[in-house]
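**Q** Kindly generate the corresponding structure for this input.
(chains A and B)
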Amino acid sequence: GENVEQHPSTLSVQEGDSAVIKCTYSDSASNYFPWYKQELGKRPQLIIDIRSNVGEKKDQRIAVTLNKTAKHFSLHITETQPEDSAVYFCAREETSGSRLTFGEGTQLTVNP
Amino acid sequence: DTAVSQTPKYLVTQMGNDKSIKCEQNLGHDTMYWYKQDSKKFLKIMFSYNNKELIINETVPNRFSPKSPDKAHLNLHINSLELGDSAVYFCASSQFEQGEQYFGPGTRLTVT
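**A** Down below sits the predicted model:
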């Protein structure tokens, strides 16, 4: 599948600040874009996802925006807390076969 | 009430050995996956089965052979283990083309 570019690879913020992670893709047929959080030594867990028929989705302190024209989507975390520290992965689903292609991950560190 | 389970959690073995990892899901999903996560945390799809039929088979050495005896189980057998096979292997499941994939806890394989 075609790659997903994820930036930045590491992000360090102070507690209470916002964090933004951005992903770009090239396959315009992709319609589903999940974000996973992986804490150290744990499994990846879905935290939010968005489908191509909407431009933004919010769940408490996290939000995802999607720009299909520009082929990028972003994760926004507001009022960050130390427990937000983890690796975050974006992904896109290919149009057939349920295949997810993941970005390379962003190590987010929230400093107390 | 574990959703996706894997055994074993840790596997330490010598080069040249053959080993198996087992995965089970009780979510009623029809699609299961194997992912490899290397030391750089990159998540890469290896295989996927839908209703016991192989639908994704990435460029993986043929020493790796998946088997799905039924929709709820997906096993991974690895022959002639090599040092480069050391990684965390995650099983996941989903409902076909409906988005969210649920990951198992992972199997950390160390080849010495």
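
**Q** For the rest of this, base every contact and every neighbour count on C-alpha atoms.
**A** Fine.

**Q** Of all residues in chain B, which one is nearest the centre?
**A** The residue lying closest to the centre of chain B (C-alpha atoms, centre = their mean) is B:W34, at 3.2 Å.

**Q** To which secondary structure element type does that one belong?
**A** Assigned with DSSP: H, G, I helix; E, B strand; the rest coil, B:W34 falls in the strand class.

**Q** And the pLDDT for the nearest residue to it once chain neighbours are set aside?
**A** Leaving aside its chain neighbours, B:W34 sits nearest to B:C91 (4.7 Å; criterion: C-alpha to C-alpha, 6 or more residues apart in numbering or on different chains). At B:C91, the predicted lDDT confidence score is 97.

**Q** part of a strand, is B:C91?
**A** Yes: counting by three-state DSSP, B:C91 falls inside a strand.

**Q** Would you tell me which residues of chain A are close to chain B?
**A** By C-alpha under 8 Å from any C-alpha of the partner chain, the residues of chain A that approach chain B are A:32, A:34, A:42-46, A:93, A:96-105.

**Q** And the buried ones among those, selectable in PyMOL?
**A** PyMOL command restricting these to the buried ones, with burial defined by 16 or more other C-alpha atoms under 10 Å in any protein chain shown:
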select buried, chain A and resi 32+34+43+44+45+46+93+98+99+100+101+102+103+104+105
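
**Q** quick one: the helix or strand of chain B with the lowest mean pLDDT near chain A?
**A** When the helices and strands of chain B are compared on mean pLDDT, DSSP states H and E, strand B:53-57 comes out lowest with a mean of 87. Yes: with C-alpha under 8 Å from any C-alpha as the measure, strand B:53-57 is seen reaching chain A through B:I55, B:I56.

**Q** Please work out which residues outside that strand touch it.
**A** A:G97, A:R99, B:M46, B:F47, B:S48, B:Y49, B:S68 (C-alpha atoms under 8 Å, 6 or more residues apart in numbering or on different chains).

**Q** Next, the buried residues of it.
**A** By neighbour count with 16+ other C-alpha under 10 Å, strand B:53-57 contains the buried residues B:L54, B:I55, B:I56.

**Q** now stretch B:81-96
**A** B:81-82, B:85-96.

**Q** Distance to A:S9 for the residues you listed - can I get that in TSV?
**A** TSV is the format used below for the buried residues of stretch B:81-96 (distance: C-alpha to C-alpha, whole Å):
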residue	distance to A:S9
B:L81	31
B:E82	29
B:D85	24
B:S86	23
B:A87	20
B:V88	20
B:Y89	22
B:F90	22
B:C91	25
B:A92	24
B:S93	27
B:S94	28
B:Q95	30
B:F96	30
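
**Q** Can you name the residues of chain B sitting close to chain A?
**A** With C-alpha under 8 Å from any C-alpha as the criterion, chain B meets chain A at residues B:41-45, B:55-56, B:90, B:96-106.

**Q** can you give me the strands for the chain?
**A** Here I'm looking at chain A. A:4-7, A:10-14, A:19-25, A:32-38, A:45-51, A:56-59, A:62-67, A:72-77, A:86-93, A:100-102, A:106-111 (DSSP state E).

**Q** hmm, I had chain B in mind actually
**A** Along chain B, counting by DSSP E, strands occupy B:4-7, B:10-13, B:19-25, B:31-37, B:43-50, B:53-57, B:64-70, B:73-78, B:87-94, B:102-103, B:107-111.

**Q** Distance from the chain centre to the shortest one, please.
**A** Its chain's C-alpha centre and that of strand B:102-103 lie 11 Å apart, by C-alpha atoms, centre = their mean, to the nearest Å.
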